[in-house]
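Asks: next comes the sequence, and after it the predicted model I'd like to discuss.
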Amino acid sequence: EVQLEESGGGLVQPGGSLRLSCAASGFAFASYDMSWVRQAPRKGPEWVSSITSTSAGTVYADSVKGRFTISRDNAKNTLYLQMNSLQPTDTAVYYCASGLGTDPDDYWGQGTQVTVSS
C-alpha cells in the first residue's frame, strides 16, 4: 500500500520557521521526483516546490523562492520542506506528492496544516 504521511505543521508567528517531513512507503521513493503542493482556505491547490529523484535539481514557486528549501533523504524515504520567514499568506494545508502532483496516477499524502498568525 502506498503511503505518504506529512508531519511538522503547526501554528507559527510571522517570521518564524517550520520543517515539514513526508514519510513515504509502498513505492520506490528514490526513483520518483517529488513535490510539495499547498492549498489555502477557499483557494485551489498551489504548487510550491519540486525535487528530482537524485536531488540534482530543485525548483520553487516565486512566492516561496529564497525562503523555502526542499530536500530529501532517499535512505530514509523522506521528503522535507524547510520553511523560513513564514508569512500569513503561507497559511495552508501542505501536501507532498509524487511527480508534480498533477497526474491522476500521482501519489498524495493527507496533508499537514500550517498556520502563520500572531
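Replies: Structure received.
Asks: look up the closest residue to the residue positioned nearest the centre of the chain, ignoring the ones flanking it.
Replies: With distances taken as Cα atoms, centre = their mean, W36 lies nearest the centre of the chain, 2.9 Å away. In space, W36 comes closest to V48 once its chain neighbours are excluded; the distance is 4.3 Å by Cβ to Cβ, 6 or more residues apart in numbering. Using the backbone N, CA and C atoms, a C-beta is placed for each residue, glycine as well.
Asks: what is the neighbour count of the one you found?
Replies: By other Cβ atoms under 10 Å, the residues close to V48 number 25.
Asks: my read: V12 touches L18, true?
Replies: Yes. With the criterion set as Cβ atoms under 8 Å, V12 and L18 qualify as a contacting pair; they are 5.5 Å apart.
Asks: show me what contacts S63?
Replies: 46, 89 (Cβ atoms under 8 Å, 6 or more residues apart in numbering).
Asks: whoops, I mixed them up, A92
Replies: Taking Cβ under 8 Å, 6+ apart as the definition of contact, the neighbours of A92 are 38-41, 43, 46, 113-114.
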